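# structure, please.
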Amino acid sequence: MLEENIKKIQSSSAGGQIQVYLTRYDTERANFQWFFIIIRGMDDKGKLWEYSLPYQFPQNPVNNGWWNYTTVEVPIELPDNFYIYLNDRKSNFLSDFKFLVEKSKTK
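From the prediction side, this is the model:
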């Protein structure tokens, strides 16, 4: 079972997986339909890959804001170091969240 799952992930996610966890005070703003991901190389120019998150209604388990969670499979090979942007279509910013991903130097 484990080997089967590993093979499935390797075939569908050549670049790995991105875990997205989002919280907002407004239910509408926590819906993934307003967000998209862009991956760029270290030169930070041009897109290596882009993905629009689909509609997914958020959860409100403790009445303290709304949250959403998903796993995004990246179907392309990626370099050792790159940037991931999580952008909000309803914000006034060009890029809302920027993350640097670096390959571990440990063996």
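# quick one, strands of this structure?
Shown for the chain, the strands assigned by DSSP state E span residues 16-24, 35-40, 47-52, 66-74, 81-88, 97-102.
# can you add distance to Glu4 and give those strands back as a markdown table?
Bear in mind the C-beta positions are built from the backbone N, C-alpha and C, glycine included. Below are those laid out as a markdown table (distance: least, C-beta to C-beta, whole Å):
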| stretch | distance to Glu4 |
| --- | --- |
| strand 16-24 | 17 |
| strand 35-40 | 27 |
| strand 47-52 | 25 |
| strand 66-74 | 16 |
| strand 81-88 | 28 |
| strand 97-102 | 27 |
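# burial count for Pro58?
19 (other C-beta atoms under 10 Å).
# Asp96 now?
So Asp96, with other C-beta under 10 Å, has 14 neighbours.
# same check on Glu50?
When neighbours are defined as other C-beta under 10 Å, Glu50 has 12 of them.
# likewise for the one 5 residues further on?
The local packing of Tyr55 (other C-beta under 10 Å) involves 8 other residues.
# residues in contact with the closest residue to it other than its chain neighbours?
Using C-beta to C-beta, 6 or more residues apart in numbering and skipping residues adjacent in sequence, the residue nearest Tyr55 is Gln33, 4.3 Å away. Counting by C-beta atoms under 8 Å, 6 or more residues apart in numbering, Gln33 touches 53-56.
# I'm done for today, thanks for sticking with me.
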